[in-house]
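Chemist: Please find the sequence and the predicted model below.
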Amino acid sequence: MLKHRHPNIRIRLFITFLTRWVHAMLLPFMAIYLSDHFGEEVAGLLLILMFILLFLSSIYGGQLTDVIGRKKTMVIGETINVFAFFGLLMVSTPLFASPIMTYLMVVINQICTGLISPASEAMLIDVSKPEDRSYIFSLNYWAINLGMVTGLLIAILLFENYYFYMIIGIFAISLFTLWLTSMKIEDTFHVYHEKRNPTGIWSLNSLWRHYTTVIKDISFLFFTLGGIAIASIEPQLYNFISVRIEKEFPTTFYSLFDLHFALDGMKVYGLIIGLNTVLIISFITLVTKKFAGKSREVLQYTGFALFGLSFAYLSFSNFLPGIILAVVLYTLGELLFIPARQSLLADMIEPSQRGAYLAVNGFILHFGKLFGAAGLTIGALIGSTGMCMLILFATLLAILFSRFGLQGRKKKGETEDMVAPSQS
């Protein structure tokens, strides 16, 4: 139970829920908002710029996490966030609205997200035991999904007609989050580095030195390549698979008692998304308890396989019972591999550079999703069968690269154990 674990864990999980809640209320509609005011081409460029700034801020966030500490980094990020949402509130009033200022405030929010994310993940690792991490990361994943679903539902109800009041609520949540972070979270930072000039940590030379260890860690890079491979599969649900089902699924008429309804491609796609979300929220705790104590590597590889095979099936099939079964299996795969992989990652990274390792891991996984976004174009060239084979190949790479990374880290650990006595 959480009550027996460090208070920071409970607070961070609640803040994660609130943060995802806010993001789900704001970000999914930002593309629509920007397209309406600037056109689709300019909106696309603005979103790419936002992604680049998110990356840069996460890199600096990783360094700040390791040098000045987890709590200080999070307080800095949350404080700037409050001003960003206050600015967003000022440019969203019925009397004055500015699309470009709205975009800038959201960009600042994303920069703060990049600063905070490595510190948040590092703090969860700091205050958790290795045997508890799969359970904690499962709860973190549950909080993320619950926040996204509830936030999106609220945004659907409020965005069009009550946008200003929604922004007031978002600003209030940012104030509450800052108070929780500054007043309730205990600092878990341990000094691993000598004192540095506070301005020096912002230099490119300091940044390069800080990340040199991460870049040279071949085992970690292999493990992260496995993450890229599996992360490139999920976007197909929102790209190639969504378009294929919408176009190819035959409209089918059903009767249930006195109810008569038709299922077309769009409704089936909505069924996939809804069923996946409901299954995650409903069964994540049950799955975590059921597989507690099992090999994390086996859970990760099993999850990869279920995830990849199910997506491969969804890339070509229009058989509704098979589609529903595939959704159940890929959801189970998610619930198995995400907490297992996060727990294995926590064991791989150096304690003195947790922020740097987590920043690189998060950034590269974003690139995996970026590569996956090209699936719509690739699928148009290679078709359903080709996409099925490509997804299976990505799944195989995810398993192999992750295994290479974990085996390399084990060998490194064995070598260190062997040389340690001779140094005493």
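Modeler: Great, that's in hand. Residues are numbered from 1 along each chain as shown.
Chemist: Buried residues in the helix or strand containing Trp142, which are they?
Modeler: Element membership for Trp142 (DSSP states H and E) is helix 133-158. Residues of helix 133-158 classed as buried: 133-152, 154-155, 158 (neighbour count, 16 or more other CB atoms under 10 Å). C-beta: built from backbone N, CA, C; applies to glycine.
Chemist: pLDDT on stretch 305-313, on average?
Modeler: Stretch 305-313 shows a mean pLDDT of 97.
Chemist: Tell me what angle the helix or strand just after the helix holding Trp142 forms with helix 133-158.
Modeler: Later in the chain than helix 133-158, the nearest helix or strand by DSSP H and E is helix 163-179. Relative orientation of helix 163-179 versus helix 133-158 (axes from the mean of the first three to the mean of the last three CA atoms, to 10 degrees): 150 degrees.
Chemist: what residues does helix 163-179 touch?
Modeler: With contacts defined as CB atoms under 8 Å, 6 or more residues apart in numbering, helix 163-179 is touched by 15, 18-19, 21-22, 25-26, 75, 78-79, 81-82, 84-86, 88-89, 92-94, 154-155, 158-159.
Chemist: Can I have the buried ones of those as a ChimeraX selection?
Modeler: Here is the ChimeraX selection string for the buried members of the contacts of helix 163-179, based on 16+ other CB under 10 Å:
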select :15,18,19,21,22,25,26,75,78,81,82,84,85,88,89,92,154,155,158,159
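Chemist: Out of the contacts of helix 163-179, which sit inside helices?
Modeler: 15, 18-19, 21-22, 25-26, 75, 78-79, 81-82, 84-86, 88-89, 154-155, 158 (DSSP state H).
Chemist: Please report the distance of Pro235 from Gly368.
Modeler: 9 Å (CB to CB, to the nearest Å).
Chemist: no wait, Ile170
Modeler: 29 Å.
Chemist: Next: Ile173.
Modeler: Going from Ile173 to Gly368 by CB to CB gives 30 Å.
Chemist: ok, these two, which is more surrounded?
Modeler: Between Ile173 and Gly368, counting by other CB atoms under 10 Å, Gly368 is the more crowded of the two (23 against 18).
Chemist: Show me where this structure dips below the pLDDT cut-off.
Modeler: For the chain, the stretches with pLDDT under 70 are 1-3, 190-206, 254, 256-258, 369, 372-373, 412-424.
Chemist: Now do the phi/psi pair for the residue lying closest to Phe222 once chain neighbours are set aside.
Modeler: Spatial nearest neighbour of Phe222, excluding adjacent residues (CB to CB, 6 or more residues apart in numbering): Gly405 at 3.6 Å. Backbone torsions for Gly405, taken as degrees, to the nearest 10, come to phi -60, psi -50.
Chemist: Can you give me the neighbour number for Gly405?
Modeler: Residues lying near Gly405 (other CB under 10 Å) number 24.
Chemist: begin at 844 from here
Modeler: New numbering, starting at 844: the last item is Gly1248.
Chemist: how near is it to Met873?
Modeler: Computed with CB to CB, the distance linking Gly1248 and Met873 is 35 Å.
Chemist: what is the orientation angle of the helix or strand harbouring Tyr1156 with helix 976-1001?
Modeler: Here Tyr1156, judged by DSSP H and E, is contained in helix 1139-1157. Relative orientation of helix 1139-1157 and helix 976-1001, computed by the same axes, to 10 degrees: 40 degrees.
Chemist: buried residues in helix 1139-1157?
Modeler: 1139, 1142-1157.
Chemist: can you give me the strands for this structure?
Modeler: Using DSSP state E, the strands of the chain run over 1095-1099, 1102-1106.
Chemist: Against which helices or strands is the last one packed?
Modeler: To tie it back to what came earlier, the one meant is strand 1102-1106. With contacts taken as 3 or more CB pairs under 8 Å, 6 or more residues apart in numbering; DSSP states H and E, strand 1102-1106 sits against strand 1095-1099.
Chemist: buried ones in stretch 1051-1061?
Modeler: The neighbour-count check on stretch 1051-1061 (16+ other CB under 10 Å) flags 1053-1054, 1057, 1060 as buried.
Chemist: That should have said stretch 946-966, apologies.
Modeler: Buried, per 16+ other CB under 10 Å, within stretch 946-966: 946, 948-966.
Chemist: Out of those, name the ones that lie in helices.
Modeler: 946, 948-966.
Chemist: For the closest residue to Gly1069 other than its chain neighbours, the count of nearby residues, please.
Modeler: Of all residues not flanking Gly1069 in the chain, Ser1245 sits nearest, at 3.3 Å (CB to CB, 6+ apart). By other CB under 10 Å, the residues close to Ser1245 number 25.
Chemist: Thought Phe1066 was touching Ser1245, still the case?
Modeler: Yes: contact criterion CB atoms under 8 Å: Ser1245 and Phe1066 qualify, at 5.7 Å.
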